[in-house]
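S.K.: need coordinates for the following:
(one chain, ligands or ions: 2)
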Amino acid sequence: MKTALEIENLVKRFGGLVATDNLSFHIEQGQSVGLIGPNGAGKTTVFAQIMGEHLQTSGTIRLYGKDIGSDSTPERIRKGVSRTYQVPRPFTDMTVLENIRVGQMPNSIWQMIKSKPQYEKEVELALSVGFSKTDLHKPPGELSMGDLRKLEMARTIATGSSVMLLDEVFAGLTVAEIAQIGALIQQMHKDGMTFLIVSHDLKALEPLVDSVIAINYGAKIAEGNFNDVMDNDNVRSSYLGAA
Ligand SMILES: Nc1ncnc2c1ncn2[C@@H]1O[C@H](COP(=O)(O)OP(=O)(O)O)[C@@H](O)[C@H]1O
Ligand SMILES: [Mg+2]
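M.R.: Numbers count the residues shown, from 1 in each chain. Ligands and ions are numbered 1, 2, ... in the order given. From the prediction side, this is the model:
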């Protein structure tokens, strides 16, 4: 198996605060990995460094064996990694379909929609993340939180990347929407997508991941299969705030 994403001795300091503390992990191609930890543990900051939105203080980030740690964000997306945001970030003056269009890259590996004309692909992608046909020409201002999250998913898929980082992908979703997005992630995982998924909804996360990495204060405290990590004493106490 080929390693898709590799983080080695990653450190991020914000002034005196160590947000990422000598963190190392790797994800094999096609694996789906959960990244968990209490609020403020540093999950989003890890995503920001992988995408080049924050420059790491030190350490290495490799994508398919190549160091991407000093590339621009667009360059990293072109090389195959993209992310969703905890707080959705649509272009507010564009419709759902237009938002999806601006994310598109010609080298999309999303097999289901690969060979179809552009407009058809955009519609199919929008419908596959759970939009109804009447939503497609709405501006984001008219969308529910759940729909904004679906749009985040669709835009990230549209980049054509093969490694997806999903930040709090279920936050603000109804039970039905969680099931819908969860099924989509499972299907994409089956089709070979590599995932790193942050979710505080651990019940929704469990069926989507092959393994889990737990962090607290920016440092790894446990790694392994879901149940073992849940049973880990350090993980339990970190969630109780009684470390
Ligand atoms: N841009 C920033 N400047 C200063 N501190 C930050 C910044 N971004 C995050 N932090 C701090 O880094 C720590 C980790 O935050 P974050 O990565 O957002 O955690 P999580 O996503 O796990 O909730 C927190 O203490 C947070 O306050
Ligand atoms: Mg976060």
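
S.K.: with just CA atoms, put stretch 127-143 into PDB.
M.R.: What follows is stretch 127-143, C-alpha atoms only, in PDB (Å, rounded to 0.1, in the frame of the first residue of the first chain):
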ATOM      1  CA  LEU A 127     -27.800  15.700  -6.100                       C
ATOM      2  CA  SER A 128     -25.400  13.100  -4.800                       C
ATOM      3  CA  VAL A 129     -24.600  15.200  -1.700                       C
ATOM      4  CA  GLY A 130     -28.300  15.500  -1.100                       C
ATOM      5  CA  PHE A 131     -29.400  18.700  -2.700                       C
ATOM      6  CA  SER A 132     -32.900  18.700  -4.200                       C
ATOM      7  CA  LYS A 133     -33.300  20.100  -7.700                       C
ATOM      8  CA  THR A 134     -35.100  23.200  -6.500                       C
ATOM      9  CA  ASP A 135     -31.900  24.100  -4.400                       C
ATOM     10  CA  LEU A 136     -29.500  24.200  -7.300                       C
ATOM     11  CA  HIS A 137     -30.000  27.800  -8.300                       C
ATOM     12  CA  LYS A 138     -30.300  29.200  -4.800                       C
ATOM     13  CA  PRO A 139     -27.700  31.500  -3.300                       C
ATOM     14  CA  PRO A 140     -26.100  30.200  -0.100                       C
ATOM     15  CA  GLY A 141     -27.900  32.900   1.900                       C
ATOM     16  CA  GLU A 142     -31.100  30.900   1.300                       C
ATOM     17  CA  LEU A 143     -29.600  27.600   2.400                       C
END
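
S.K.: renumber starting at 5 from here on
M.R.: Let's use 5 as the start, then, which means that last one is stretch 131-147.

S.K.: what's the offset of it from the middle of its chain?
M.R.: Relative to its chain's centre, stretch 131-147 lies at 21 Å (Cα atoms, centre = their mean, to the nearest Å).

S.K.: contact partners of that stretch?
M.R.: 92, 94-101, 103, 116-117, 127, 130, 151-152, 154-155, 157-158, 161, 181, 184-185, 188 (Cβ atoms under 8 Å, 6 or more residues apart in numbering). For the C-beta atoms, the positions are set from N, CA and C on the backbone; glycine is no exception.

S.K.: please report how far Arg87 lies from Ala23.
M.R.: 17 Å (Cβ to Cβ, to the nearest Å).

S.K.: that should have said Asp75, apologies.
M.R.: Distance from Asp75 to Ala23, by Cβ to Cβ: 21 Å.

S.K.: for Val91, same thing?
M.R.: Taken as Cβ to Cβ, the span from Val91 to Ala23 is 18 Å.

S.K.: compare the two (neighbour count), which wins?
M.R.: Ala23 (22 against 11; other Cβ atoms under 10 Å).

S.K.: wait, the more buried one sits on Lys47?
M.R.: No. Between Ala23 and Lys47 there is no contact under Cβ atoms under 8 Å: 10.0 Å.

S.K.: hey, C-alpha coordinates of the helix-or-strand element of the chain with minimal mean pLDDT in CSV?
M.R.: Across the helices and strands of the chain, mean confidence by mean pLDDT, DSSP states H and E is lowest for helix 100-106: a mean of 81. The C-alpha trace of helix 100-106 is given here as CSV (Å, rounded to 0.1, in the frame of the first residue of the first chain):
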residue,chain,number,x,y,z
VAL,A,100,-25.2,26.3,-5.4
LEU,A,101,-24.2,25.1,-8.9
GLU,A,102,-21.9,28.0,-9.5
ASN,A,103,-20.1,27.4,-6.2
ILE,A,104,-19.5,23.8,-7.3
ARG,A,105,-18.3,24.9,-10.7
VAL,A,106,-15.5,27.2,-9.3
